[in-house]
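> Below is the structure, and that's it, no one-letter string:
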Ligand SMILES: N[C@H](CCC[C@H](N)C(=O)O)C(=O)O
């Protein structure tokens, strides 16, 4: 089985072309993702992305987290997806439309001298209704609510970009117990579908820094949907303007929450290597 490895700011994915899968491999994506994404026994990756045909868009993206769970969307992954399908001639339209569990999204490729330099994704409208995020037992918008974790109380804002995000603002990272707090909030009973967790330090009205603990993948170098959710949370808390640069461990994303209420994410997509999976 042939694969391609790609990443968006170090958030890395194993890409499989649907047509290269056997029916039983296709049938068990969770098991396949856990196997292929394992950093020692597999190829290594934060997730598995499969390219599929679509009845309603130019192509369909399925994303499976490294733990085998299937989220609604993946921001860094969809930028890589767009570059992959364009470079291989699977989709020639630019901008293109990609079907995901979070809906059909429109992506524009920035092409210079035949090379895809970056991708701008219309991530759609943020979801702020508590029962759609979902988060239990709070009013909405879910801004500046309190949760208990590890015996401490934290103020958080919850936003969905198709997948759930719990955004916590910190003044600095020195006292943050990230490795314990991340998983504790990921599986907090407030979030019936679990949640991604973003710890945000505001650097200026147009800049923020982000550490992210992802649902189903743990600490990653970047999270595109998380950066979008964090920008929306920062605006709702009057901490930034509606356009900001998000500094992630893997690099920067430009996020805009437009007057049309759509969130736009602009960033890179890179190839790492291609290979053949030799099932041992
Ligand atoms: N772990 C996420 C999916 C991947 C999102 C992230 N890698 C991105 O770039 O948006 C979740 O379970 O919602």
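Here it is on my side, so go on. Everything quoted here is computed from the prediction, not taken from an experiment.

> how about the residues of the stretch 51-200 of the chain near the ligand?
When proximity is defined as C-beta under 6 Å from any ligand atom, the stretch 51-200 of the chain approaches the ligand at 65, 71, 74, 75, 76, 77, 163, 196. For glycine as for every other residue, the C-beta is placed from the backbone atoms N, C-alpha and C.

> Of those, just say which sits nearest to residue 150.
Among those, residue 196 lies closest to residue 150 (C-beta to C-beta), at 18.0 Å.

> ok, the closest one - how many residues close by?
Neighbour count for residue 196, taken as other C-beta atoms under 10 Å: 28.

> What ranges in the stretch 151-280 of the chain fall below the confidence cut-off?
Applying pLDDT under 70 to the stretch 151-280 of the chain flags the ranges 280.

> Is residue 185 part of a helix or strand, or is it coil?
Here residue 185 is helix, with the state taken from DSSP: H, G, I helix; E, B strand; the rest coil.

> same thing with residue 30?
What three-state DSSP gives for residue 30 is helix.

> Tell me how far the nearest residue in space to it that is not next to it in sequence lies from residue 257.
Leaving aside its sequence neighbours, residue 30 sits nearest to residue 68 (C-beta to C-beta, 6 or more residues apart in numbering; 3.4 Å). Distance, residue 68 to residue 257, by C-beta to C-beta, to the nearest Å: 32 Å.

> avg pLDDT for stretch 66-75?
For stretch 66-75, mean pLDDT rounds to 98.

> From the structure, what's the count of residues near the nearest residue to residue 164 once chain neighbours are set aside?
In this structure, residue 164 finds its nearest non-sequential neighbour in residue 195, 4.3 Å apart by C-beta to C-beta, 6+ apart. By other C-beta under 10 Å, 27 other residues sit near residue 195.

> Just confirm residue 195 contacts residue 184, I think it does.
No: between residue 195 and residue 184 there is no contact under C-beta atoms under 8 Å: 11.2 Å.

> can you pull the contacts of the most centrally placed residue in the chain?
In the chain, the centroid-proximal residue (C-alpha atoms, centre = their mean) is residue 74; its distance is 3.5 Å. Residue 74 makes contact with 13, 47, 49, 61, 63, 163, 224, 225, according to C-beta atoms under 8 Å, 6 or more residues apart in numbering.

> so when I look at the fifth one, I'm seeing a strand, right?
Just to be clear, that refers to residue 63. Yes: counting by three-state DSSP, residue 63 is found in a strand.

> shift numbering so it begins at 69
Sure, I'll start counting at 69 from here, so that last one is residue 131.

> I'd like to know how far it sits from residue 263.
In terms of C-beta to C-beta, residue 131 sits 16 Å off from residue 263.

> Over to the last one?
Residue 293 sits 11 Å away from residue 263 when distances are taken as C-beta to C-beta.

> which residues are common contacts for the two?
residue 233.

> And the chain, split by domain according to the record?
The domain map for the chain lists 70-192+335-342, 213-327, with the assignment taken from automatic domain parsing.
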